[in-house]
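*Asks:* Just need the structure, nothing else, for what follows:
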Amino acid sequence: MELLEKLLGSMPDLLLSTGLAFQVFLFRQITECRRDLLELRVELAGNYVRTDALERLAQRVDDSVRRLEDRLETHFYTLTQRERSA
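*Replies:* Residues are numbered from 1 along each chain as shown. Predicted coordinates for the structure are as follows:
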């Protein structure tokens with residue numbers, strides 16, 4: 001009976017220690033995740049193209065497609081003109 005009383009008497013300390021250990025564990029996990037996220041952001045900023053560069057590239061591709069469409073229209077127009085005159 002005395003052992004049970006000692007165990008119940010130390011239960012709040014045990015629960016407090018367990019809760020504290022769990023909080024430390026969570027803090028370490030959150031810190032590690034934040035560090036990984038920061039490293040990922042640094043890597044993305046250093047290795048990948050920024051948004052404005054992507055927009056310029058998309059505009060250049062769009063302009064090239066328009067020029068190609070214009071050339072094809074001109075080519076088909078002259079082709080149909082040749083067929084009509086022949």
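*Asks:* Show me where this structure dips below the pLDDT cut-off.
*Replies:* 49-50, 86 (pLDDT under 70).
*Asks:* 80 instead, please
*Replies:* Within the chain, the stretches falling below the threshold (pLDDT under 80) are 1, 7, 45, 47-51, 53-54, 82-86.
*Asks:* Longest helix in this structure, by number of residues?
*Replies:* helix 2-47 (DSSP state H).
*Asks:* how far is that helix from where the chain is centred?
*Replies:* Helix 2-47 sits 27 Å away from the centroid of its parent chain (CA atoms, centre = their mean, to the nearest Å).
*Asks:* before we move on, what about stretch 67-77?
*Replies:* When distances are taken as CA atoms, centre = their mean, stretch 67-77 is centred 40 Å away from the chain's centroid.
*Asks:* How about stretch 74-81?
*Replies:* Mean C-alpha position of stretch 74-81 versus that of the full chain (CA atoms, centre = their mean) differs by 47 Å.
*Asks:* by contact count, what packs against the longest helix of the chain?
*Replies:* Packed against helix 2-47, as judged by 3 or more CB pairs under 8 Å, 6 or more residues apart in numbering; DSSP states H and E, are no other helices or strands. Backbone N, C-alpha and C define where each C-beta goes, glycine included.
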